[in-house]
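Undergrad: coordinates for the following, if possible.
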Amino acid sequence: MIVRNILSKTGTADPVQLQQRHDSCSQNNEYSYIEQKIASLIHAATDGVCIIDQYGSLIEFNESFIRMLGYTREDIKGMHILQWEPSWNCINIRDQMAASPAHILTVETVHHRKNKSYFDVEVTYSQVPINGEHYVCATSKDISERNKLEQDLRIAATAFEAHEAMLITDAEQRVLRVNQEFSVVSGYRAEDVLGESFSILHANCQVEPAYADMWKKVRQQGYWRGEMYTQRKNGEFYLVWCTMTAVSKADGSVTNYVFTMTDITHRKTAEREIRELAHYDPLTKLGNRYLLHERLQKNLDSIGKTNSNGALFFIDLDNFKTINETAGHETGDKLLQHVSQRLLDCVRSTDTVVRLGGDEFVIILADLGPQIDQATKFAQQIGERILTHLNAPYDFDNNVYYSSPSIGVAMFGSGGETVTELLRRADLAMYEAKAAGKNVLRNFVPAMQDTVTARSKLESAMRRGLQHNGFILHYQPQISCNGNLLGAEALVRWYDPERGWLSPSEFIPVAEESGLIIPLGLQVLAMACHQLVEWEQQFTLDDFSISVNVSARQFRHPEFVQQVMDTIKQTGVNPHKLKLELTETMLVDNYDDTIAKMTTLKCYGIGFSLDDFGTGYSSLSYLKRLPLDQLKIDQSFVRDVLLDQDGAAITQMIVTLGSSLRLVVIAEGVETEEQRAFLARQGCHAYQGYLFGRPMTADSFRAYLSVPAQTLIPAPSETAIISKSKPIKGANMPYLGSIAGD
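TA: Alright, predicted model coming up:
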């Protein structure tokens, strides 16, 4: 009997109950027939079928059920339904079946496999009477693929109504369906285009060869994407980014085409405007620096193909700053616009005119032919035309203005030139025109290149020097009027293995132009601080300080204050013994920022000395506001103090001014006892110069640190010896010059 077999397999019945059911079935062949039918149906079903008792224990199952859950027949014996269907609720299921007219309940749930994974199923529960008892037959249908398909359809439907215009055609390109966004973008309603050919959208705007090429790629690759002009219902043309995809059957035959279209008209307009902003000057409408580099590189790249020469003009207006400051920036802007138009009138339509910035313009003359002599002659003619046109009066706003250009020209076409190199050549030639008196044209010549090359080599050598500690400091003593050692000025020196000792006048300008002055200045500051710490450990230096020169470029660096503070922290130097020397020309630029930086450093105890006072833009108003400690009389005044009444008067005025502002006044360049005596009579507080010592190494300077106070002013009998350029007190290093204060 099947029930007996089931119960024997599962072991879920008591032996007495099993015998009773067996006897009952033996007496009634009808039950035997029903059970056999049930068993046959169960095992023949493709869905998973199982029978559970009222407690949820498994009674019978088919092979499909075993495969579905991933168990073996031995594994599944005696299992409870909660092991594969955690959401099973016996009472709830029975109540719902009882409420159903056919006593059948269908639900969607999940089954758990043996490997802990799960899948969606549709389970149909029905009551099965066996031997007077009601069992539950559960038929489980795996609906994972069906649910996935339905989800895909929902996603597809949602995507179809997304923000991109979509259109579907049949194999003959007849429109079958469009979404709402298509109607919004194109103006066509669905009924306007259904059944029509796709070509209705671009019949009047698509170039036929491009249109044919588009369909060719679709047939070859199955898709195409790119920009395409289409036409709205109102006749307006617009640009779309289109993706066309062919839908094919298994045999490769196309059944449909799917189009997605995004209106990019506004984006293209914005990109064009952004490009104009990025590549063109908004004031003059000429190209800017970016366009210059792009065009010039393109010309250089084509030299090998065209074998043609070209010319690069670098133009600077000679007196534009004066016009801009006297007549106003609005007038200056109008003048630049007039200059731009005149430059365009001087060149060919194929040439490039660029405003580099301010009052600087660059012109690229390309395709001047293979003969360099003819190309140079043509460039010369263009240059002379520019000189003539730009020298003509500018008449606007009821005023007449005059401006002239200085022009540098660099020819190119030999190959190997770079954009940077050509601009440097033309720029150098322009500065030669400035040096020649302005309002002239100068061609770049190799001698100028030699200057550039030498400068480049010097710059490279400086970089190596910075990396390998090639720079050292010399120290020049500063003496009080009483003969006490007040401090020293740290002066940078450089010994290059190839060039030997170099004067600062040789390498400081290169450092300023290249930006190396910033790392060099920081290195000088750090070396001076380390040296001061070392001396303080060896000598008693109560009123001693070290002065360090700061360049304008270094001082204007946004991180200058932090860099100084970091150096002080790293070296452990006493900031009250550190003095920074600034020049007047540094202070007039961005005055408020200058005061802020000085005030911040002053709060930490750092002092400030105003170097070369009287040679720059002296102003009592800014002098009064700056947190200065010291004024330095420039050596040009000291040198003539005994020979020139004006120099003597200026020197006396500086001493009086500094004293009235409670500033220490120090005179640099003091070489004779007579100069010192004159300065002393005027009340000068301190001196620096050859009379007291040339710049010397740190080892030589130690002799000054050990000299007793009030002994450093030479006696009259020593003056003649000291003034013969020999350093005193062991300063035995050769004199090499300095940035300032030697």
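Undergrad: which non-adjacent residue is nearest L167?
TA: Leaving aside its sequence neighbours, L167 sits nearest to F259 (C-beta to C-beta, 6 or more residues apart in numbering; 4.4 Å). To be clear about C-beta, it is placed using only N, CA and C from the backbone, and glycine gets the same treatment.
Undergrad: buried sites along the helix or strand harbouring the one you found?
TA: Element membership for F259 (DSSP states H and E) is strand 254-263. Neighbour-count burial for strand 254-263 flags Y257, V258, F259, T260, M261, D263 (criterion: 16 or more other C-beta atoms under 10 Å).
Undergrad: for the residues you listed, which one is nearest R146?
TA: Nearest to R146 among the buried residues of strand 254-263, counting by C-beta to C-beta, is V258 at 24.2 Å.
Undergrad: I figured that closest one hits M244, correct?
TA: Yes - between V258 and M244 there is a contact at 7.4 Å, judged by C-beta atoms under 8 Å.
Undergrad: what's the first-to-last distance across stretch 226-239?
TA: Length of stretch 226-239, first residue to last, C-alpha to C-alpha, to the nearest Å: 10 Å.
Undergrad: what comes into contact with it?
TA: 185-188, 192, 201-206, 214, 240-242, 261, 263-265, 268 (C-beta atoms under 8 Å, 6 or more residues apart in numbering).
Undergrad: mean confidence score for it?
TA: Averaging pLDDT along stretch 226-239 gives 85.
Undergrad: buried ones in it, by neighbour count?
TA: M228, Y229, T230, Q231, Y238, L239.
Undergrad: repeat that for stretch 441-460.
TA: Neighbour-count burial for stretch 441-460 [16+ other C-beta under 10 Å]: L441, R442, N443, F444, M448, V452, R455, L458, E459.
Undergrad: where is pLDDT lowest across those?
TA: V452 (69).
Undergrad: residue contacts, V641?
TA: Going by C-beta under 8 Å, 6+ apart, the list of residues near V641 reads G647, A648, T651, Q675, F678, L679.
Undergrad: go ahead and name everything in contact with the strand or helix carrying the second one.
TA: So that's A648. Using DSSP H and E, A648 falls within helix 645-660. Contacts to helix 645-660, defined as C-beta under 8 Å, 6+ apart, come from residues 613-614, 620, 623, 631, 633, 636-642, 664-665, 667, 678-679, 682-685.
Undergrad: okay, now the residue nearest to L705 when sequence neighbours are not counted: neighbour count?
TA: Spatial nearest neighbour of L705, excluding adjacent residues (C-beta to C-beta, 6+ apart): F539 at 4.6 Å. Around F539 there are 13 other residues, counting by other C-beta atoms under 10 Å.
Undergrad: next: K305.
TA: 7.
Undergrad: tell me where the stretch 301-450 of the chain has helices.
TA: Listed from the start of the chain, the stretch 301-450 of the chain has helices (DSSP state H, counting those that start in this stretch) covering 303-306, 320-327, 329-346, 372-391, 419-435, 446-467.
Undergrad: the last one packs against which elements?
TA: Meaning helix 446-467. helix 419-435, strand 485-496, helix 504-514, helix 517-538 (3 or more C-beta pairs under 8 Å, 6 or more residues apart in numbering; DSSP states H and E).
Undergrad: repeat that for the fifth one.
TA: Using 3+ C-beta pairs under 8 Å, 6+ apart as the contact criterion, the neighbours of helix 419-435 among helices and strands are helix 289-301, strand 310-317, strand 405-412, strand 441-443, helix 446-467.
Undergrad: next, the contact list for I363, please.
TA: Contact partners of I363, counting by C-beta under 8 Å, 6+ apart, are L312, F313, I315, L343, V347, D351, T352, V353, V354, I382, I386.
Undergrad: now do 7 Å
TA: Going by C-beta atoms under 7 Å, 6 or more residues apart in numbering, I363 touches F313, L343, V347, D351, T352, V353.
Undergrad: and of those, the nearest to D95?
TA: The closest of the contacts of I363, once distances to D95 are taken by C-beta to C-beta, is T352, at 87.8 Å.
Undergrad: in helices only, show me the contacts of stretch 226-239.
TA: Counting by DSSP state H, the part of those found in helices is V185, S186, D192, M214, T265, K268.
Undergrad: most neighbours of all those, which one?
TA: S186 (24 neighbours).
Undergrad: now that one: closest residue in space that isn't a chain neighbour?
TA: R232 (5.4 Å).
Undergrad: phi, psi of the one you found?
TA: The phi and psi values for R232, taken as degrees, to the nearest 10, are phi -80, psi 170.
Undergrad: any idea how far the residue nearest to H389 when sequence neighbours are not counted lies from D318?
TA: The shortest distance from H389 to any non-neighbouring residue, by C-beta to C-beta, 6+ apart, is to R342 (4.6 Å). In this structure, R342 and D318 are 15 Å apart, going by C-beta to C-beta, to the nearest Å.
Undergrad: circling back: and the contacts of I363, which is closest to S406?
TA: S406 has its nearest neighbour among the contacts of I363 in F313, at 11.0 Å by C-beta to C-beta.
Undergrad: next up, the contacts around the closest one.
TA: Shown in contact with F313 (C-beta under 7 Å, 6+ apart): V362, I363, G383, I407, V409, A426.
Undergrad: 8 Å instead, please
TA: 361-365, 379, 382-383, 386, 407-409, 426.
Undergrad: need these in TSV with pLDDT and distance to Q220, can you?
TA: Below are those laid out as TSV (pLDDT from 0 to 100; distance: C-beta to C-beta, whole Å):
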residue	pLDDT	distance to Q220
F361	96	51
V362	96	47
I363	96	48
I364	96	43
L365	95	46
A379	94	51
I382	95	52
G383	95	55
I386	96	55
I407	96	56
G408	95	55
V409	95	53
A426	93	51
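Undergrad: determine which two of the residues you listed are furthest apart.
TA: Using C-beta to C-beta, the pair of the contacts of F313 lying farthest apart is F361 and A379, separated by 15.3 Å.
Undergrad: tell me where the stretch 551-700 of the chain has helices.
TA: 552-556, 560-571, 584-587, 591-603, 620-625, 635-639, 645-660, 673-682, 698-705.
Undergrad: can you give me how far stretch 290-307 is from the chain middle?
TA: Chain-centre distance of stretch 290-307: 26 Å, with C-alpha atoms, centre = their mean, to the nearest Å.
Undergrad: residues in contact with that stretch?
TA: 278-280, 287, 310, 312, 352, 354, 356, 362, 364, 366-367, 370, 412-413, 415, 417-419, 422-423.
Undergrad: same thing but 7 Å
TA: Outside stretch 290-307, the residues that reach it (C-beta under 7 Å, 6+ apart) are 278-280, 310, 352, 354, 356, 362, 364, 366-367, 370, 412-413, 415, 417, 419, 422.
Undergrad: would you indicate which residues of it are buried?
TA: Residues L291, L292, H293, R295, L296, N299, L300, I303 are the ones in stretch 290-307 that count as buried (16+ other C-beta under 10 Å).
Undergrad: how about stretch 494-514: buried residues?
TA: For stretch 494-514, by 16+ other C-beta under 10 Å, it's W494, D496, L502, P504, F507, I508, V510, A511, E512, S514.
Undergrad: start to end distance for that stretch?
TA: 17 Å.
Undergrad: quick one: mean pLDDT for it?
TA: So the average pLDDT for stretch 494-514 ends up being 88.
Undergrad: now that stretch, how far from the chain's geometric center?
TA: 33 Å.
Undergrad: sorry, back to before: measure the residue nearest to S186 to D397 for me?
TA: For R232 relative to D397 (C-beta to C-beta), the value is 47 Å.
Undergrad: fine, thanks again, bye for now.
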